[in-house]
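> next input, structure requested:
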Amino acid sequence: MLTHMLKAKLHMARVTHAVLNYEGSCAIDGELLDMSGIRENEQIQIYNVENGQRFTTYAIRAEEGSRMISVNGAAAHLASEGHRVIICSYAMYTDAELDSHQPALVYLQEGNVVSHTSNAIPVQLA
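I've put the predicted structure just below:
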C-alpha cells in the first residue's frame, strides 16, 4: 500500500509577483527549491493565508538568491503580491519508507529569508 504524505513545505512565503499574462506555474527562488527538495515541474499545492484560496500548480525555478515567489497565469487571480502563502508538495510512500520518512520544512520570514528548517511539525496543544 502507498500512503500520500507531506514531502516538503515552504511556510509563510511572501508572494513577490503575480503575473496574469504568463504561461502558468509558480516561480520559486532556486535556493528555496533546493533546500526544500521541491523539483522543477513538480506539482505543488499553494494555500493562501490571506484569503483562504487553495490551488494546485507546478514549480518552476526562479533565479537563485532572488527570494522570488511568483504566482503566474490563472493562479494570479488567487494570490496577489504581498500575500503570505504556504507551498507544499506531497509524495507517495510505501509502508517501509514511512518508517524513516521526514518532510523537509522550510520556515520563512519577511523577504523570504529562511528563519529555520525542521523535519517535524510541532504537536498542536489544546
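> show me what the residue at minimal distance from the centre of the chain is bridged to.
The centroid of the chain falls nearest to Ile87 when counting by CA atoms, centre = their mean (2.2 Å). In this structure, Ile87 bridges to Leu10, Ile46 when assessed by DSSP bridges.
> from Ala104, how far out is it?
12 Å (CB to CB, to the nearest Å). For the C-beta atoms, the positions are set from N, CA and C on the backbone; glycine is no exception.
> repeat that for Ala76.
In terms of CB to CB, Ala76 sits 27 Å off from Ala104.
> next one: Ala79
Distance, Ala79 to Ala104, using CB to CB: 22 Å.
> neighbour-wise, which of those two wins?
Ala79 (24 against 17; other CB atoms under 10 Å).
> enumerate every residue touching the closest residue to the more buried one other than its chain neighbours.
Excluding its sequence neighbours, the residue lying closest to Ala79 (CB to CB, 6 or more residues apart in numbering) is Val71, at 4.4 Å. Shown in contact with Val71 (CB atoms under 8 Å, 6 or more residues apart in numbering): 15, 17-19, 26, 46, 57, 78-79, 85.
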